[in-house]
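> Requesting a structural model of the entry that follows:
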Amino acid sequence: MNEILNNATSRMDKSIASLGQAFNKIRTGRANPAILDDIKVDYYGNLTVLNQTASISVEDGRSLVISPWDKSLIPEIEKAISNSNLGLNPSTSSDLIRITMPALTEETRQDYIKQARAEAENSRVSIRNIRRDANQASKELQSSGEISEDDLRRIEDLIQKETDKYIGLVDSELKAKESDLLEI
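Below is the predicted model:
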């Protein structure tokens, strides 16, 4: 029984971590290097993640500075950022690439909030699916005679408490992201 609960808890943790990564990709008015995590650069014929080819740092609250380790990659990095559909325009000065985060309009804020709510709902669905799987495994143990009906109810209650806890975490993460997006 503990194995089922531990498995469900670890899968729910992964779901929350995945939500955090999804939220990092939704940009706010502030500069955050995580927004560039999915950008891949053609590095001598191999598609390589940008943060493995350059150092990315926050210069001030609204701009990122990318310093490629191989200066010949600057045009490739600029092209990858421009083609990424993030709405970012890189500008090069000597051997650095600067990205200034454009101010968010009310319309884009609302779009990002919708996107954040959709990601949160996907996470909730994932957590509920994990609950379903754990309950099913528990019922199989009960039907095979390994645990009693009382044990089945006990583990289902524990699984439901874990589910409620993780759904609460999703809701609090969403609330924090929404307030972050609504800041001016």
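
> make it CA atoms for all contacts and neighbour counts henceforth
OK.

> show me the contacts for the residue nearest to residue 60 when sequence neighbours are not counted.
The shortest distance from residue 60 to any non-neighbouring residue, by CA to CA, 6 or more residues apart in numbering, is to residue 31 (7.8 Å). Neighbouring residues of residue 31 by CA atoms under 8 Å, 6 or more residues apart in numbering: 58, 60, 61, 62, 63, 64, 100, 101.

> Between those, identify the one with the most neighbours.
Counting neighbours by other CA atoms under 10 Å, residue 64 leads the contacts of residue 31 with 22 neighbours.

> What helices and strands are in contact with whichever strand or helix holds residue 133?
Using DSSP states H and E, residue 133 maps to helix 106-143. If contacts are counted by 3 or more CA pairs under 8 Å, 6 or more residues apart in numbering; DSSP states H and E, helix 106-143 sits against helix 2-25, helix 149-182.

> quick one: that helix to helix 2-25, angle?
170 degrees (axes from the mean of the first three to the mean of the last three CA atoms, to 10 degrees).

> Show me what the helix or strand where residue 81 lies is packed against.
Secondary structure from DSSP H and E places residue 81 in helix 74-82. When contacts are defined as 3+ CA pairs under 8 Å, 6+ apart, helix 74-82 packs onto strand 40-43, strand 90-93, strand 96-100.

> please redo it, this time with the cut-off set to 7 Å
Using 3 or more CA pairs under 7 Å, 6 or more residues apart in numbering; DSSP states H and E, the elements in contact with helix 74-82 are strand 40-43.

> most centrally placed residue in the protein?
Geometric centre of the chain, nearest residue: residue 21, 1.7 Å, by CA atoms, centre = their mean.

> Tell me how the chain divides into domains.
Structural domains assigned to the chain are 2-25+105-182, 33-100, following automatic domain parsing.

> Output those domains in CSV, with mean pLDDT appended to each entry.
Listed next are the domains of the chain as CSV, based on pLDDT from 0 to 100:
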stretch, mean pLDDT
domain 2-25+105-182, 91
domain 33-100, 83
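
> on that earlier part again, list just the nearest of the contacts of residue 31 to residue 73.
Nearest to residue 73 out of the contacts of residue 31 is residue 64 (CA to CA; 17.1 Å).

> Return the residues in contact with the closest residue to that closest one other than its chain neighbours.
Take residue 64 and drop its neighbours on the chain: the residue closest to it by CA to CA, 6+ apart is residue 58, 4.5 Å away. By CA atoms under 7 Å, 6 or more residues apart in numbering, the residues touching residue 58 are 31, 32, 64, 65.
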